[in-house]
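*Asks:* Dropping the sequence and predicted coords here.
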Amino acid sequence: MAAPSEWPSCQDFSEFQEVLRLMRQIDDRIIHELNTSLPTASFAGKIDASARCKELYLSLKKAHTSRDKAIKTCINQSYSAVNRLREERNKDKDNLTLIKQLRKEQTNLKLMQSELNVEEVINDRSWKVFRDRCRIHYKPETDL
């Protein structure tokens with residue numbers, strides 16, 4: 001469930017969302033992962049739940065950090081493009097092509113910023129499920 005090898009393209013929002021969707025697979029499968037890897041009371045001695053929870057914690061943390069970095073990188077790129085286009089528009093206010101490009105880039109920026117909210121919801125859900133199932137077996141050094 002590792003992140004895909006390719007970094008998301010910030011130019012095409014659909015492609016960006018698709019790469020994020022692939023990067024979010026660990027969060028989508030966390031309940032299944034916990035159900036299949038943590039033992040019930042009758043199998044408690046056969047599986048090291050503490051090690052499994054720690055492994056899952058580290059995977060989640062890595063995935064969340066990677067996605068956060070990807071989203072923020074794209075937001076910064078889009079923000080820079082919006083500022084550049086605004087400066088160009090201020091020099092040439094009658095250029096319709098430039099105005100359309102600026103609007104498109106502003107929309108792209110807003111969509112990417114909204115992904116931060118989506119990311120927060122996904123992360124909160126995953127950490128809640130993790131805490132519910134692993135709180136007995138593993139306590140991370142930092143708060144979730």
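*Replies:* Received the coordinates, thanks.
*Asks:* residue contacts, the most far-flung residue of the chain relative to its centre?
*Replies:* What lies farthest from the middle of the chain is D94; by CA atoms, centre = their mean that is 39.0 Å. Not one residue lies near D94 by CB atoms under 8 Å, 6 or more residues apart in numbering. Any C-beta I mention is one placed from the backbone N, CA and C, and that applies to glycine too.
*Asks:* and it, what are its phi and psi?
*Replies:* phi -100, psi 0 (degrees, to the nearest 10).
*Asks:* what helices or strands is the lowest-mean-pLDDT helix or strand in the chain leaning on?
*Replies:* Among the helices and strands of the chain, helix 30-37 carries the lowest confidence by mean pLDDT, DSSP states H and E, at a mean of 85. Packing contacts for helix 30-37, counted by 3 or more CB pairs under 8 Å, 6 or more residues apart in numbering; DSSP states H and E, involve helix 49-91, helix 96-134.
*Asks:* how distant is the first one from the center of its chain?
*Replies:* Taking the mean C-alpha point of helix 49-91 and that of its whole chain, the gap between them comes to 7 Å (CA atoms, centre = their mean, to the nearest Å).
*Asks:* what angle separates it from helix 30-37?
*Replies:* Here helix 49-91 points in a direction 160 degrees away from that of helix 30-37 (axes from the mean of the first three to the mean of the last three CA atoms, to 10 degrees).
*Asks:* list the helices and strands helix 49-91 packs on?
*Replies:* Against helix 49-91 (3+ CB pairs under 8 Å, 6+ apart) you get helix 13-23, helix 25-28, helix 30-37, helix 96-134.
*Asks:* buried stuff in the least confident helix or strand of the chain?
*Replies:* For helix 30-37, burial by neighbour count (16 or more other CB atoms under 10 Å) applies to 30, 33-34.
*Asks:* from those residues, which is closest to K72?
*Replies:* I30 (23.0 Å; CB to CB).
*Asks:* And the spatially most central residue of the chain, how close does it get to E120?
*Replies:* Centroid check for the chain by CA atoms, centre = their mean gives R67 as the closest residue, at 3.5 Å. In this view, R67 and E120 are 11 Å apart by CB to CB, to the nearest Å.
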